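Asker: the following block contains a protein sequence and its predicted model.
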Amino acid sequence: MKSEPGEFSIDDLRKKKKHHWDGVRNFEARNFMRDKMRIGDLVLFYHSNATPSGVVGIAKVASSPYPDFTQWDKASKYFDKKAGEEKPIWFMVDVAFVEQFPRTIKRSELQNTAALKSMALWKRNRLSITPVTKKEFEVIQKLASKTSLA
DNA sequence: GCCAACGTTGGC
DNA sequence: GCCAACGTTGGC
């Protein structure tokens, strides 16, 4: 799951311990959250639009999917006038802090790792939520404990 | 700040 | 239903 650190960072999640992942306004990302995420699933936390961009830690899904309440909040930048009271369009999950990596695993480092060549992240560059295989997850976990090469 | 990629909107 | 215009994401 991607977030701009200026909006919401791994540090914010660490301090809050748990947070609702609001603001997803892309149908594919929404479907992924709504249909595939279940309590206890592990999540890679990715800082986008950052210096550097990359994976910074691990979180876990801490709620079932439920309607993103900001779609009904006129004061929110995520307000969506097409969302009816009874028929939400956008969904979110709560995520809980698990671990902050001792360093950022930079995008360039992920790109240079052979085992990560077919990550969905590369194909769907602009999606804020992309699936990660168990294998990929473990490879990235291993990278986290190593000293940076890239 | 630029710009490529690409999703969304709306006219027809 | 097509597709041009537009808006957004996010790397660089």
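Answerer: Sure thing, it's come through.

Asker: how much space between A:A120 and A:Q100?
Answerer: Separation of A:A120 from A:Q100 (C-beta to C-beta, to the nearest Å): 23 Å. To be clear about C-beta, it is placed using only N, CA and C from the backbone, and glycine gets the same treatment.

Asker: give me the element A:V139 is part of.
Answerer: Using DSSP states H and E, A:V139 falls within helix A:134-145.

Asker: so where does A:R38 fall, helix or strand?
Answerer: Using DSSP H and E, A:R38 falls outside every helix and strand.

Asker: where does chain A have low pLDDT?
Answerer: By pLDDT under 70, the weakly predicted segments of chain A are A:147-150.

Asker: so what does the longest strand along chain A touch, helix or strand wise?
Answerer: In chain A, with assignment by DSSP state E, the single longest strand is strand A:94-106. The elements that strand A:94-106 packs onto, with contact taken as 3 or more C-beta pairs under 8 Å, 6 or more residues apart in numbering; DSSP states H and E, are helix A:10-16, strand A:18-20, strand A:42-47, strand A:54-61, helix A:134-145.
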